[in-house]
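K.L.:
Sequence and predicted structure, then a few things I'm wondering about:
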Amino acid sequence: MRDLYKAYLKSRSIDEAKLTKFGFKKNKDKYTYIKDIKDGEFKVVIEVDKKKAISKVLDNFDESEYALVDVEESSGQFVGSIKEEYEEVLEKFVEKCTYLDTFKSPSAKKIISYVKEKFDGELEFLWDDYDGAVFRNQDNKKWYGVIMKVREKSFVTSTLKRMKIDGVISDHPLLNIKDFSDDDYIEVLDLHIDKEKSKEVIDYQNVFPGYHMNKESWITIILDKNTKLKDTYRLLDDSYQMTVKSGAFIIPSNINVFDVVSYVDNNKTFVWHKQPKEAKVGDLVYIYVGAPYSQILYKCEIIKTNLKIYSARDMELKLIKKYKNNEYPYSFLKEHGCSFIRAPRSIPERVAKLLK
């Protein structure tokens, strides 16, 4: 006899509405499915009720259980062929009658429903163990949330180390447990956070530094009965907005290679070599000039795209504004998470709003 919850359904739940369609017969609160295998010599029996889901193989000759299918060491052509047919039946049952249901806490289920309703987002499982899933912005595929099952012991150990570094204490019940089992798991939600807001938000009571993520730009929320859902929804909204396209780009330039200052200062409109892939007419472009300036010097608007002058795809820009010296230096970009500017890149909406 095989316990299907242990063998197949650790991260799945049974959809009772699909059992009858699959071929199960219901008797009171119990569903039973029978499928002949091995040319009718044997049959697979699956039984499902509110407490358990089991399967077994019976010999049709005398209704005795053929237990060798559950013995890993059993081998041979005969038993091997029965095992193969048995597994095919069970795999089809899992495919047709169950659904992924990794995250069990009421808070996790409410957050999943919230994301589906507000952002039309579905969990995307990227790892084979199904212990973690991401929410993506469907426009650009960027993550704005990660739900995970993590070991309590690992989370607490990591958090206590961080608390010691930050010189803080917490009376959160989880952080005051002395003994942990390796089988104890919690569910957590990781979200993007603006670096400027992270210190205000992280309280080591409801919100913690990012677990398994960059601790300066991600936060972690424990999903349990103590989760403050309204606050979590607000933080989730903020995280989503950080992945929204702004229609603004930053492009780098090296004055030692090309005198961009003279070029832009002397032209109201000008052609720029290689436009960003997603750029379109009306988008804004901020030109970052490297050393000795090391700052954003120009704000421009794209007025033509896909020109073929210097490369296969160039753009024409119109100068809108030249910034004062040190108005938006590299330190500003680094502070707001835009430190990588070796190539053209889009600017998060939150940062674009700061560039006047």
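P.N.:
Received, thanks.

K.L.:
only C-alpha atoms for contact and neighbour calcs from this point on.
P.N.:
Will do.

K.L.:
Show me the residue sitting in the middle of this protein in space.
P.N.:
The chain has Val134 as the residue nearest its centroid, 1.7 Å off, counting by Cα atoms, centre = their mean.

K.L.:
Restrict the host helix or strand of that one to CA atoms and write it as CSV.
P.N.:
According to DSSP states H and E, Val134 maps onto strand 132-136. These are the backbone C-alpha positions of strand 132-136, laid out as CSV (Å, rounded to 0.1, in the frame of the first residue of the first chain):
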residue,chain,number,x,y,z
GLY,A,132,9.6,28.5,-4.0
ALA,A,133,7.7,30.5,-6.6
VAL,A,134,7.8,34.0,-8.0
PHE,A,135,5.5,36.7,-9.0
ARG,A,136,6.5,38.4,-12.3
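
K.L.:
Tell me the helices and strands packed up against that strand.
P.N.:
strand 124-125, strand 143-151 (3 or more Cα pairs under 8 Å, 6 or more residues apart in numbering; DSSP states H and E).

K.L.:
from these, which stretch is densest packed?
P.N.:
Highest mean neighbour count of the helices and strands packed on strand 132-136: strand 143-151, a mean of 21 (counted as mean count of other Cα atoms under 10 Å).

K.L.:
outside of the top helix by length along the chain, which residues touch it?
P.N.:
Using DSSP state H, we find that the single longest helix of the chain is helix 77-97. Applying Cα atoms under 8 Å, 6 or more residues apart in numbering, the set of residues contacting helix 77-97 from outside is 8-9, 14-16, 18-19, 22, 35, 37-38, 44, 57, 68-69.

K.L.:
related to what we said a few turns ago, beta partners of the residue nearest to the residue nearest to the centre of the chain when sequence neighbours are not counted?
P.N.:
Nearest residue to Val134, sequence neighbours excluded (Cα to Cα, 6 or more residues apart in numbering): Val146, at 4.3 Å. Under the criterion DSSP bridges, Val146 forms beta bridges with Val134, Asp190.

K.L.:
Please give me every residue in contact with Val146.
P.N.:
Counted by Cα under 8 Å, 6+ apart, Val146 has contacts 132-135, 189-191.

K.L.:
Report pLDDT for it.
P.N.:
What the model reports for Val146 is a pLDDT of 94.

K.L.:
where does it sit relative to Asp179, distance-wise?
P.N.:
27 Å (Cα to Cα, to the nearest Å).

K.L.:
now swap in Glu335 and tell me
P.N.:
Taking Cα to Cα, one finds Glu335 at 40 Å from Asp179.

K.L.:
ok, now Gln295?
P.N.:
Here the criterion is Cα to Cα. By it, Gln295 lies 52 Å from Asp179.

K.L.:
just Met163 next, same as before
P.N.:
19 Å.

K.L.:
on that earlier part again, in helices, which of the contacts of helix 77-97 fall?
P.N.:
Those of the contacts of helix 77-97 mapping onto helices are 16, 18-19, 22, per DSSP H.

K.L.:
Please report how far Lys230 lies from Leu4.
P.N.:
37 Å.

K.L.:
And the strands in the stretch 151-300 of the chain, which stretches?
P.N.:
185-192, 207-209, 218-222, 245-253, 269-272, 284-289, 295-307 (DSSP state E, counting those that start in this stretch).

K.L.:
by contact count, what packs against the second one?
P.N.:
It stands for strand 207-209. If you count contacts as 3+ Cα pairs under 8 Å, 6+ apart, strand 207-209 packs onto strand 218-222.

K.L.:
Quickly run through the sheet partners of the strand it packs on, with directions.
P.N.:
strand 185-192 (antiparallel), strand 207-209 (antiparallel).

K.L.:
how far off strand 143-151 does that strand point, in degrees?
P.N.:
Angle, strand 218-222 to strand 143-151, by axes from the mean of the first three to the mean of the last three Cα atoms, to 10 degrees: 50 degrees.

K.L.:
where's strand 218-222 relative to the chain centroid, distance-wise?
P.N.:
Put simply, strand 218-222 sits 13 Å off its chain's centre (Cα atoms, centre = their mean, to the nearest Å).

K.L.:
Same check on stretch 266-276?
P.N.:
Remark: stretch 266-276 is offset 37 Å from the chain centroid, using Cα atoms, centre = their mean.

K.L.:
Sort out which residues of it are buried, please.
P.N.:
Within stretch 266-276, the residues that count as buried by 16 or more other Cα atoms under 10 Å are 269-276.

K.L.:
partner residues bridging the residue lying closest to Pro329 once chain neighbours are set aside?
P.N.:
Counting by Cα to Cα, 6+ apart, Pro329 lies nearest to Gln295, which is 4.0 Å off, once chain neighbours are set aside. For Gln295, the beta-bridge partners under DSSP bridges are Val289, Pro329.

K.L.:
Tell me, how many residues neighbour Gln295?
P.N.:
23 (other Cα atoms under 10 Å).

K.L.:
before we move on, what about Asp128?
P.N.:
Using other Cα under 10 Å, Asp128 has 7 neighbouring residues.

K.L.:
That one belongs to a strand, doesn't it?
P.N.:
No. According to DSSP: H, G, I helix; E, B strand; the rest coil, Asp128 belongs to no strand; its state is coil.
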